[in-house]
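K.L.:
with the sequence up front, the predicted model follows.
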Amino acid sequence: MEISRRSLLKAGSAFAGATLLPGLAGGPLTSAFAQPALTAVPLAELEAAAEKEGTLVFYSLGDFSEWTNPFKERYPWVKVEAFSSPAAEVANKVLTEAATGTPTADVIMMPPARARAIVQAGAVAQVRLEAESKLAADLLDPEGYSHPVYTFLIPLIYNTNLIKDPPKDIFELADPKWKDSFAIDRPQNLGVSSLFLASHRSVWGDEKWRQWLDGLKANNVFIASDATAAYEAVLRGERKLGAASLADVIAQAEGAPVAPSFYDGGVVLYPNSLWLLSKARHPNVGALFINWIVSEEGQRVVAAGGRTPVLDIDTDVSLNKLLPPGATVFDSRNVQDYFTNPAEYEAVWEEYWPA
């Protein structure tokens, strides 16, 4: 199944949303939300059907009991079975279970670039949820696969003991004056640096984009194991600056010498999404969990954990609080090709920074 360029991350400036099951692969769905495509089921009907199932099987990228515990408080009849692992391992587990018919999750957490193969395998269901009506309509995934629930900014970060004036134009990172200065996570992770590196291709065009990558390679970019390790390389002074999550800067100890720089042209935004699986044993509970996370109640739980909510609510970690005056968010429509065809970019990263 081919995914349209708009399907995985339809985000005008910040984040994407989702949609509802016409029926799961293998036969019609006997559930509250066996509705016409892209029609949101009334929450009361979904709750009634979910209570009969009673269990949520959730594959996540870490310990998200800070989400599932409040969900169980909201719905005391829910039993949660959780599995956590890095994104690549969760993706492989889902694909294996889909291929072998092994019992699988109801809901998984997965960055959009990692999820393409899972959607192509027919392992993801389409669903629209009532809570998503409060997201801007043009931010929703029209095909209903992706349900982004939080996001984070990818600024440049810099060691304030080593530099005072980081570049405002990220193309300057290819200048030889920044040789041995820049840290990123391994691009093949399809994580922070992968999105950062891919982001300006459509804006610059291939020739300028490749010129930039050539310059970065010549400048001996430090390749860290993950985005936090890239932040730590800057913190230790092994590199003067890097591309990393703003969350690492916010969480650092008071007095730590790392600051964010909100570069010109818009700061790239990295989304994380929930996906309802097409072979879910408890599809109504899965849909209810996603609906609750997208609701204001759930989004405040998301924000309490330091993650930027996708719903426009007033929290300390909302985008309008994190962005300084004059800073903007990069238009995510410019990276649709990356989300729909990450394999092409993986080949580029392997060319420049082989694993």
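P.N.:
Received the coordinates, thanks. Residues are numbered from 1 along each chain as shown.
K.L.:
touching, Ser60 and Ser84? I think so.
P.N.:
Yes: with contact defined as C-beta atoms under 8 Å, Ser60 reaches Ser84; the gap is 4.9 Å. C-beta coordinates here come from the backbone N, C-alpha and C atoms, glycine included.
K.L.:
between those two, which has more neighbouring residues?
P.N.:
Ser60 (22 against 15; other C-beta atoms under 10 Å).
K.L.:
if you drop the residues flanking it in sequence, what lies closest to the more buried one?
P.N.:
Met109 (4.4 Å; C-beta to C-beta, 6 or more residues apart in numbering).
K.L.:
next: Tyr150.
P.N.:
Closest to Tyr150 by C-beta to C-beta, 6+ apart is Arg307, at 3.9 Å.
K.L.:
ok, now how distant is the one you found from Glu73?
P.N.:
Counting by C-beta to C-beta, to the nearest Å, the gap from Arg307 to Glu73 is 19 Å.
K.L.:
the two: which is more packed in?
P.N.:
Arg307 (20 against 9).
K.L.:
need phi/psi at the closest residue to Leu156 other than its chain neighbours.
P.N.:
Once flanking residues are discounted, Leu156 sits nearest to Ser261: 4.2 Å by C-beta to C-beta, 6+ apart. The phi/psi pair for Ser261 (degrees, to the nearest 10) reads phi -130, psi 120.
K.L.:
shift numbering so it begins at 42
P.N.:
Noted, 42 is the first residue going forward, which turns the last one into Ser302.
K.L.:
and the helices in the stretch 42-191 of the chain?
P.N.:
Using DSSP state H, counting those that start in this stretch, the helices found in the stretch 42-191 of the chain span residues 84-94, 106-115, 128-141, 153-161.
K.L.:
looking at those, which is buried most?
P.N.:
Of the helices of the stretch 42-191 of the chain, the one with the most neighbours on average (mean count of other C-beta atoms under 10 Å) is helix 153-161, at a mean of 22.
K.L.:
packing partners of it?
P.N.:
helix 128-141, strand 309-317, helix 377-381, helix 383-393 (3 or more C-beta pairs under 8 Å, 6 or more residues apart in numbering; DSSP states H and E).
K.L.:
again, 6 Å this time
P.N.:
The contact analysis (3 or more C-beta pairs under 6 Å, 6 or more residues apart in numbering; DSSP states H and E) places helix 153-161 against helix 128-141.
K.L.:
what's the helix it packs on packed up against?
P.N.:
helix 153-161.
K.L.:
please state the mean pLDDT value computed over the helix it packs on.
P.N.:
Mean pLDDT, helix 153-161: 88.
K.L.:
partner residues bridging the residue nearest to Ser101?
P.N.:
On the basis of DSSP bridges, Met150 is bridged to Leu315.
K.L.:
again with Phe99
P.N.:
Applying DSSP bridges, one finds that Phe99 bridges with Ala123, Val148.
K.L.:
what score does it have for pLDDT?
P.N.:
Looking at Phe99, its pLDDT is 98.
K.L.:
show me what contacts the residue nearest to Ser101?
P.N.:
Going by C-beta atoms under 6 Å, 6 or more residues apart in numbering, Met150 touches 101-102, 315.
K.L.:
repeat that for 8 Å
P.N.:
Met150 sits next to 99-102, 105, 131, 313-316 when contact means C-beta atoms under 8 Å, 6 or more residues apart in numbering.
K.L.:
give me the pLDDT value at it.
P.N.:
At Met150, pLDDT is 94.
K.L.:
what about it, distance to Ile334?
P.N.:
Where Ile334 is concerned, Met150 sits at a distance of 10 Å (C-beta to C-beta).
K.L.:
residues that sit against both of these two, list them.
P.N.:
Leu315.
K.L.:
show me the strands in the stretch 242-391 of the chain, by range?
P.N.:
263-265, 282-284, 299-302, 309-317, 349-350 (DSSP state E, counting those that start in this stretch).
K.L.:
so which of the ones you listed is nearest Lys120?
P.N.:
Set against Lys120 and scored by C-beta to C-beta, the strands of the stretch 242-391 of the chain come closest in strand 309-317, at 18.0 Å.
K.L.:
what angle do the closest one and helix 106-115 make?
P.N.:
Orientation note: strand 309-317 sits at an angle of 40 degrees relative to helix 106-115 (axes from the mean of the first three to the mean of the last three C-alpha atoms, to 10 degrees).
K.L.:
strand 309-317 vs helix 128-141, what angle?
P.N.:
For strand 309-317 against helix 128-141, the angle by the same axes, to 10 degrees is 30 degrees.
K.L.:
now the angle from strand 309-317 to helix 153-161?
P.N.:
Using the same axes, to 10 degrees: strand 309-317 against helix 153-161 is 30 degrees.
K.L.:
can I get strand 309-317 in PDB, CA atoms only?
P.N.:
Once non-C-alpha atoms are left out, strand 309-317 reads as follows in PDB (Å, rounded to 0.1, in the frame of the first residue of the first chain):
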ATOM      1  CA  VAL A 309      12.400  21.900  13.000                       C
ATOM      2  CA  LEU A 310       9.800  20.100  15.000                       C
ATOM      3  CA  TYR A 311      10.000  16.400  15.700                       C
ATOM      4  CA  PRO A 312       6.600  14.600  16.300                       C
ATOM      5  CA  ASN A 313       5.900  11.300  18.100                       C
ATOM      6  CA  SER A 314       2.700   9.400  17.300                       C
ATOM      7  CA  LEU A 315       0.400   6.700  18.400                       C
ATOM      8  CA  TRP A 316      -0.900   4.100  15.900                       C
ATOM      9  CA  LEU A 317      -3.800   1.700  16.300                       C
END
